[in-house]
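Chemist: Below is the structure, and that's it, no one-letter string:
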């Protein structure tokens, strides 16, 4: 036997009971409380569970309760001295009883909750078994026949079964979506916009169900008392019933709830009357006299098996009339707060109710099909002369059929049962509908419902009840059950569709808040997805079968309501599972984009904009957004941007991170104002260069990683040499990361309105196709739309004839890509003028060809593709010449207009090599250039000479002295300036960096400045060699 363990709880915080202690025996036998000269012993009824609960009580609180109870006990002992054995509380400790009193109350409250049968099965059946069973089932069999009637049952049961499965999954998920009724489930699953629009349709459906039952009660009343029939009687009696029902609900739901059992008994009695009457028919004299009433007969069954639709009825009509019999399946979800185990009770009770109803409805249709001829069930009267007169009474054949077939132990007993059954279900609907509407209003999704959100002092939704009555009173004026049934069916089907779709979505996206039973197993996930998707499809199919017009109207109404709510509503706190769909689609797309990003039709510039934000000035309204405005010119590429900045800080503490978050939010607002689509980032780093390094390496994910870097040219690099070093570090990092590089010089001079002129592309050895693409994107923007693109291709070491052919070929290629008015000029120069571009010519060319070969494999590259390298252009020219497909060489001058009809572009060749005939014309043209060019060249020579003296080691780029190299670069600038001085923008490829030492950095920046001197706006371009694109 194990030793007994005692837990002693000292009494603290009081001086009245210095030697008082509570001893709790873990064996669950007794608790002893001792106080100086007296003691009591009480039995513990709950054993270890209660003692463990006592141990968790705070000692101070326990001491206070002990003191109070001890004093009360002492007073009782003095007032009524008895022995311990006679104490009424001798079997329970007063202390434990007080401590565990709250728990006992909870257990007592739980004992009043209901299980699956009483809490779900019975109310669900009560809501499903409405007036249509009594007044329309024989009509369905008479029109559709037994086969189509059973098909209606099967289709409706499938929709209800799938919806019940989805509802049970959502209820049992354990997340937010399982805390309320159907509206709560849908809104928390698919978001407030979908939830509110569907919730309103569901509220309208419940209101229509109340109207349907009310009109059914009116029909039964008119059957029982035909003398009450007068024009407009259905509307009048229906309005009176609605007022009576609303007043009953307004008076309090407690009284209505007490009548629930009585209503259920009446429903069962009425159904028993129908079963008994059909089983014993013909029983009445009228039935015996009618030869169409055969009783249970196989011959009648075979005769009624097929459909017998009249001219006004079809399968959609009978399906719309029958489907409301499966519209009470969400009753369990409406009563989740009174169930012992809501997930299990709702699942078991609802499945049990719909399966039981499935067999009951089928049995009714089979019995009606066996008992009487279809003409009798349709409401026709039998005449001996064979003339069948149509007699459409309330409910088709309602009046004489209920009297002749249904068992009535006393006159009109069936009619009374139908009336009470119908009104009881209408009463239940009028209890649920206002609370549903009040829940929608309480979420403050639509401001028009704000006035009906408050509850009365008794906690009743009186305002929502009044709103429900207004709609119900208007709808009851329809006056016909057959007219209300399709509307009711459509509204319920919308709710069921979205219930199933929400289950499918939540399962598909694997939402963490959606955790139904078996979610971790594949077969259950497959089950939830299949039932959800099948249920959605079946519900939509039923809507289309019933009425294409009403299906379109209801769906458009729901969609319009969704759009309106989505437009007016701010983001709700509970989010939406549609966000999960977006997440999954985005994730799958990212994975696929990573593989397809190099396809020619998919490549587009995805730009990382390195932005230096001036936070204090931005907050004051002083804008520095030139680089963002320039990026906006490239938006026609349909790419995205990552606008990133660096917060320079030696510490990465909370203050720095908070400031970075503020800067990121400011960038987001700037992007929104500038209409830039993309993302914002802010990195905390010790230096700008290091932060940019982080950004280039880590920005983007998968196929959404930036492939192009856009920066501002460091204009003041001469006085701030650190800027030049940082700039070239960014270039080096970008190219090492296989990203293209764009640097804009003259951002402050960019136009702010539409411009007219030219965009000149200077193609020097590399990056030709990429620069053409960027220029084409620019002219798609309204700012540059009136500009014409001119291409100047600079090369060396080729004959003038080959240059002419290459120019012609490039012009034709660009025209084939719908660049019809592009002018092309090939300029042949000496090697020293473009030596920085030929520094690693062969290396870049080999890398490019390897990449293309790896990308396309053994496939040949498109012969009409835009060439990226100058070698590609001349190879294309050679292939054209070898195939005999070169264009006619009818050159008559330096500028030759293409003979192709409709072409506006011109092609020309200019040879500027030493000793060429074009050189004299070129020199004479230079005299017309601005005189400040000579001063700039002289200054660059002096600076180069000073740099040479300070340089310990000569760069490996060229053999001549620095001032000679600057002079040769200046000649290139002279050529560019002569042609592009008045150009709106010059697009020029950037030479490769030949070193990152201080002197080499200065050489590089000097070369670029010398080459672009005198130009207002220049876009430097350096491709990564991995761009694969087509224009056209």
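Modeler: Arrived safely, thanks for sending. As the structure is a computational prediction, the values presented were derived from the model and not from experiment.

Chemist: count of neighbours near the nearest residue to residue 1014 once chain neighbours are set aside?
Modeler: Closest residue to residue 1014 apart from its sequence neighbours, by Cβ to Cβ, 6 or more residues apart in numbering: residue 977 at 4.8 Å. Where you see a C-beta, it was placed from the backbone N, CA and C, and this is true even at glycine. Residues within reach of residue 977, counting by other Cβ atoms under 10 Å, total 20.

Chemist: Which helix or strand contains residue 977?
Modeler: Using DSSP states H and E, the element containing residue 977 is helix 962-980.

Chemist: Which SSE is immediately downstream of that helix?
Modeler: Following helix 962-980 in sequence, per DSSP H and E, is strand 985-989.

Chemist: For whatever helix or strand comes next after that next one, which helices and strands make contact with it?
Modeler: Next helix or strand after strand 985-989 toward the C-terminus (DSSP H and E): helix 998-1011. Helices and strands touching helix 998-1011, by 3 or more Cβ pairs under 8 Å, 6 or more residues apart in numbering; DSSP states H and E, are helix 721-736, helix 932-950, helix 962-980.

Chemist: mean pLDDT lowest for which of these?
Modeler: Mean pLDDT is lowest for helix 932-950 among these, at a mean of 45.

Chemist: And residue 778, how far from residue 763?
Modeler: According to Cβ to Cβ, to the nearest Å, residue 778 stands 16 Å off from residue 763.

Chemist: These two - which one has more neighbours?
Modeler: Ranked by neighbour count (other Cβ under 10 Å), residue 778 and residue 763 place residue 763 first, with 30 against 22.

Chemist: Just the buried residues of the longest helix anywhere in the chain, please?
Modeler: In the chain, assigned by DSSP state H, the helix with the most residues is helix 137-171. Applying a neighbour-count criterion of 16 or more other Cβ atoms under 10 Å, one finds 137-146, 148-153, 155-171 buried in helix 137-171.

Chemist: again, but for stretch 687-694
Modeler: 688-689, 691-694.

Chemist: Also stretch 734-741?
Modeler: Using 16+ other Cβ under 10 Å as the test for burial, stretch 734-741 gives 734-735, 737, 739-741.

Chemist: Redo those as CSV? Include distance to residue 1014.
Modeler: Converted to CSV, the buried residues of stretch 734-741 look like this (distance: Cβ to Cβ, whole Å):
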residue, distance to residue 1014
734, 28
735, 28
737, 33
739, 30
740, 26
741, 23
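
Chemist: Could you say which helix or strand holds residue 680?
Modeler: strand 678-685.

Chemist: which neighbours does that strand have in its sheet, and in what orientation?
Modeler: Taking DSSP bridges as the criterion, strand 678-685 forms sheet pairs with strand 641-648 (parallel).

Chemist: tell me the mean pLDDT for the strand it pairs with?
Modeler: Mean predicted lDDT for strand 641-648 stands at 91.

Chemist: pretty sure residue 533 contacts residue 500?
Modeler: Yes: assessed by Cβ atoms under 8 Å, residue 533 is found in contact with residue 500 at 7.3 Å.

Chemist: Neighbour count for the two, which is higher?
Modeler: Using other Cβ under 10 Å as the criterion, residue 533 and residue 500 rank with residue 500 on top: 26 against 19.

Chemist: quick one: contacts for that one?
Modeler: Contacts of residue 500 were listed using Cβ atoms under 8 Å, 6 or more residues apart in numbering, and they are 162-163, 166, 531-536, 539.

Chemist: tell me which element it is part of?
Modeler: Using DSSP H and E, residue 500 falls in helix 481-508.

Chemist: which other helices and strands contact the helix or strand just after that helix?
Modeler: Going down the chain from helix 481-508, the next helix or strand is helix 522-546, by DSSP H and E. Judged by 3+ Cβ pairs under 8 Å, 6+ apart, the packing partners of helix 522-546 are helix 137-171, helix 315-322, helix 481-508, helix 548-568.

Chemist: Alright, that wraps it up for me.
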